[in-house]
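Peer 1: predicted model follows, preceded by the sequence.
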Amino acid sequence: MAIKKYFERMEYIIFKIRSKSTGSPIDFATKIGYSKSMLYEDIEDLKSMGAEIVYDRSINSFIFLNDFNIILKTDDLNKILGGKSFNPVLLDSFSLNLYFKS
């Protein structure tokens with residue numbers, strides 16, 4: 001299920017940024033099985049949701065400059081799914097550090 005993988009990947013990215021342990025952009029991209037440009041696409045997605053993310057060379061990690069959480073509304077998930085109805089039961093099989101609003 002593509003949506004599950006997307007959220008798992010985003011949760012991992014958020015976790016690594018919060019723990020200030022991403023490593024260099026190329027190392028981080030390799031950890032998640034992505035190219036550097038694909039990693040930056042995910043970071044841009046997070047920025048579009050309100051995250052303030054920068055790369056701190058002194059600690060060799062991406063960091064958040066703000067207290068960031070993802071808050072998705074059901075309508076947002078329907079857009080992500082291309083107009084298909086979102087069924088929250090689909091996400092019950094794994095844990096997410098995301099917040100959902102109806």
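Peer 2: It's in.
Peer 1: when you work out contacts or count neighbours from here on, use the C-alpha atoms and nothing else.
Peer 2: Fine.
Peer 1: and residue 54, what are its bridge partners?
Peer 2: Per DSSP bridges, the residues bridged to residue 54 are residue 63.
Peer 1: need the pLDDT of residue 23.
Peer 2: Looking at residue 23, its pLDDT is 96.
Peer 1: so it, which of the three states?
Peer 2: coil (DSSP: H, G, I helix; E, B strand; the rest coil).
Peer 1: quick one: contacts for it?
Peer 2: Applying CA atoms under 8 Å, 6 or more residues apart in numbering to residue 23 gives the contacts 60, 61, 62.
Peer 1: the last one: neighbour count?
Peer 2: Counted with other CA atoms under 10 Å, the burial measure for residue 62 works out to 25 neighbours.
Peer 1: ok, now the second one?
Peer 2: Here the number of neighbours of residue 61 (other CA under 10 Å) works out to 21.
Peer 1: what are the ranges of the helices in this structure?
Peer 2: 2-18, 25-31, 36-48, 74-80 (DSSP state H).
Peer 1: let me have those in CSV, adding mean neighbour count as columns.
Peer 2: Shown next, in CSV, are the helices of the chain (neighbours: other CA atoms under 10 Å):
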stretch, mean neighbour count
helix 2-18, 16
helix 25-31, 16
helix 36-48, 15
helix 74-80, 15
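Peer 1: residues touching residue 56, list them.
Peer 2: Contacts of residue 56 by CA under 8 Å, 6+ apart are 62, 63.
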